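Peer 1: Predicted structure and sequence below. I'll ask about it afterward.
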Amino acid sequence: MEKNESHIITRILAGHTEEYAYFLDTYGQTVFTLIVRLVGTEADAEELTQDTFLKAFEHLGSFYGKSSFSTWVYRIAYNTALPFLRKKPVETCAGDDAFWNRIAETRIEEETDDEGEIRLEQLKQALTQLSAEERALVTLFYEEERPIQEIGEILNLKANHVKVKLHRLRKKLYLLMQQEERKGERK
């Protein structure tokens, strides 16, 4: 954590609560972006972002600086969004280890890295079918470019588990994109 942020937290805890605006200004948009990726609607994300920052403010005294403030507030955001997300059913793409291992890595790389307009639309559709944790992984790793270790802290996973989930997630996205392609061909 930046020394400046540690100082700001100390001042907030000493009664200068107006300085909490620094955290809202600094992290508000990125937390909102993460939550909107998780829940899918801006209106719900706005409310959950407010809840996140309210919880962070209320528990600021329990922030010990073991991680960065951004990691801490992202974890609060993720945990705040989870109850909302549990109410929404999500299609799943099942398969055992042997199934996932049969899908060729080079084929996945080609398909998921293709930036053609049709492919991007298929990718967007596929992303809507992911679980909350999977969407969080995509957002934190690919969009926010957070390190594996930090993603593990936010999602309460070990770093190796994050790597495995990201690996399987690319395969799952590939399969979901293939399903979208087949739907498009039938129209």
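Peer 2: Great, that's in hand.

Peer 1: can we go C-alpha only for contacts and neighbour counts from here?
Peer 2: Noted.

Peer 1: any low-confidence regions in this protein?
Peer 2: 1-3, 88-116, 119, 184, 186-187 (pLDDT under 70).

Peer 1: Spatially central residue in the protein, please.
Peer 2: residue 136 (2.0 Å; C-alpha atoms, centre = their mean).

Peer 1: For it, which non-adjacent residue is closest in space?
Peer 2: Spatial nearest neighbour of residue 136, chain neighbours left out: residue 38 (6.3 Å); criterion: C-alpha to C-alpha, 6 or more residues apart in numbering.

Peer 1: From residue 143, how far off is the one you found?
Peer 2: Taking C-alpha to C-alpha, to the nearest Å as the measure, residue 38 falls 13 Å from residue 143.

Peer 1: Of the two, give the one with the bigger neighbour count.
Peer 2: residue 38 (28 against 12; other C-alpha atoms under 10 Å).

Peer 1: Hmm, residue 138 and that one touching each other?
Peer 2: No - contact criterion C-alpha atoms under 8 Å: residue 38 and residue 138 do not qualify, at 9.9 Å.

Peer 1: Could you say which helix or strand holds the residue nearest to residue 136?
Peer 2: helix 21-39 (DSSP states H and E).

Peer 1: sorry, back to before: the residue nearest to the centre of the chain: which element?
Peer 2: With DSSP H and E as the criterion, residue 136 is inside helix 132-138.

Peer 1: How about residue 171?
Peer 2: Short version, using DSSP H and E: residue 171 is in helix 159-186.

Peer 1: Give me the buried positions along that helix.
Peer 2: 159, 162-163, 166, 168-178, 180 (16 or more other C-alpha atoms under 10 Å).

Peer 1: check contacts around the residue nearest to residue 136.
Peer 2: By C-alpha atoms under 8 Å, 6 or more residues apart in numbering, the contact set of residue 38 is 81, 85, 132, 135-136.

Peer 1: All good on my end, thank you.
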